[in-house]
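Asker: structure, please.
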Amino acid sequence: MTNLSAASAGPLRPRTLGLVAIALLLDGVASLRMADWSHQWLPLPASAAAPYVDDLFALETGIGTFIFLGCVSVIGWTLLFNRAPKYDMDDGDPIEGNLRLEITWTILPLVIVMLIAWHAIRVSDTLATLGGKVRVTGTAEAMALANSGAESSRSVAAGSFGPIEVIGRQWSWEFVYPNGVRSTELHLPLNLRSSFHLIATDVIHGFFIPAFRLKQDMIPGSVIDYSLIPTRVGRYRLRDSMFSGGYFSSNQTDVVVESEADFQHWLEQAARQPLKPGYNEARRLYEKRLAEGDRGWATVPPAPPPLVHVSTNPAAVHVS
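Answerer: Residues are numbered from 1 along each chain as shown. Presented below is the predicted three-dimensional model:
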């Protein structure tokens, strides 16, 4: 055991150092390649936030790949070249810990995690999507704000469109525009910051548009300011990212990004439409359940479909 300890404590041979250097180089190349590939795993980017979020994801993927491949390589090398003989049943040598090594593997992860956190904070500050939050006494006060439309006292930044009131329920989305237009699909002008007031009327909902790389929880009793800048024309999907009950998976709708001229035309056309119940997939599923005998686990009845000028088209094809 003494000879083994002395040998392990001696300087590394040039050949060993060379192998370690080659392994680190290959690990680095593979990690950079994986970081580059990671951009292809994500939905189509369609907002000003997407490049920053995608680059942060690629950075974390690259670092994770480097650590993973490094650990797997050491394990593989040990299994192939340093394993015990076939019939060796002895215990391993009781070698004491290496203080310098323990300090190194404690400090390095700390530094890596802190650097990632620092970069993530910079990205969040750059996006500047989240504004203030105002407490309300309940659903009635929150809905009064939504119903006020253009008369809302809460201002938006110059050069922005809005505020658009985003109302999340079990299980439907409703959007109220400054001119009073209501819809169950969200229309946004291209390359213009759109401001929102996020309102949840019952439980926590998640305002999540994968193509925009943005997500914000909507908390009952709070009206939350939020904003984003769409950068690509198309039809995208808005999903409820928080579990909110039996039909939460159907709490989806479309986000339509169009030129500013087309958007204004849509607003004018929508304002002339009569109010009607919006399409509600949860309500359809619940009525089907009742028709089949209301069997299975008990569930909360969906809220009545909102009355809107424009309802979402369930047959429309969205990009992502």
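
Asker: any stretches of the stretch 1-150 of the chain with poor pLDDT?
Answerer: Low-confidence segments of the stretch 1-150 of the chain (pLDDT under 70): 1-12, 130, 132-133, 135-139, 143, 145-150.

Asker: for it, which segments are assigned as helices?
Answerer: Remark: helices assigned in the stretch 1-150 of the chain by DSSP state H, counting those that start in this stretch are 2-9, 14-37, 50-81, 99-127, 139-147.

Asker: the inter-axis angle of the third one versus helix 14-37?
Answerer: Direction vectors for helix 50-81 and helix 14-37, defined by axes from the mean of the first three to the mean of the last three C-alpha atoms, to 10 degrees, enclose an angle of 150 degrees.

Asker: helices or strands up against helix 50-81?
Answerer: Judged by 3 or more C-beta pairs under 8 Å, 6 or more residues apart in numbering; DSSP states H and E, helix 50-81 is in contact with helix 14-37, helix 99-127. All C-beta spots, glycine's among them, are computed from the backbone N, C-alpha and C.

Asker: would you reformat these as a markdown table and include distance to P301 and mean neighbour count?
Answerer: Formatted as a markdown table, those follow (distance: least, C-beta to C-beta, whole Å; neighbours: other C-beta atoms under 10 Å):
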| stretch | distance to P301 | mean neighbour count |
| --- | --- | --- |
| helix 14-37 | 46 | 13 |
| helix 99-127 | 38 | 11 |
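
Asker: please name every helix or strand in contact with whatever helix or strand H197 lives in.
Answerer: Using DSSP states H and E, H197 maps to strand 194-200. When contacts are defined as 3+ C-beta pairs under 8 Å, 6+ apart, strand 194-200 packs onto helix 139-147, strand 161-169, strand 214-218, strand 222-228.

Asker: about what we covered before: how about the helices of the stretch 1-150 of the chain, which one is nearest A291?
Answerer: A291 lies closest to helix 139-147 among those, at 29.8 Å (C-beta to C-beta).

Asker: output the helices and strands packed on helix 50-81 as CSV; include the columns distance to V255.
Answerer: Output for the helices and strands packed on helix 50-81, formatted as CSV (distance: least, C-beta to C-beta, whole Å):
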stretch, distance to V255
helix 14-37, 27
helix 99-127, 17
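
Asker: E141: which of the ones you listed is closest?
Answerer: Comparing the helices and strands packed on helix 50-81 by C-beta to C-beta, helix 99-127 comes nearest, at 29.1 Å.

Asker: ends of stretch 78-98, what's the gap?
Answerer: Stretch 78-98 stretches 19 Å from its first residue to its last (C-alpha to C-alpha, to the nearest Å).

Asker: what of stretch 294-314?
Answerer: The first and last residues of stretch 294-314 sit 25 Å apart, counting by C-alpha to C-alpha.

Asker: now do the buried residues in stretch 271-287.
Answerer: 278-283, 285-286 (16 or more other C-beta atoms under 10 Å).

Asker: returning to what we had before: among the helices and strands packed on strand 194-200, show the one with the smallest mean pLDDT.
Answerer: Among the helices and strands packed on strand 194-200, helix 139-147 carries the lowest mean pLDDT, at a mean of 68.

Asker: distance check, the nearest residue to S47 once chain neighbours are set aside against D240.
Answerer: Distances taken as C-beta to C-beta, 6 or more residues apart in numbering place F212 nearest to S47, at 3.8 Å, with adjacent residues excluded. From F212 over to D240 the distance is 15 Å, taken as C-beta to C-beta, to the nearest Å.

Asker: then P85?
Answerer: From P85 to D240 the distance is 59 Å (C-beta to C-beta).

Asker: neighbour count: the two, which is higher?
Answerer: Between P85 and D240, D240 has the larger neighbour count (other C-beta atoms under 10 Å), namely 26 against 7.
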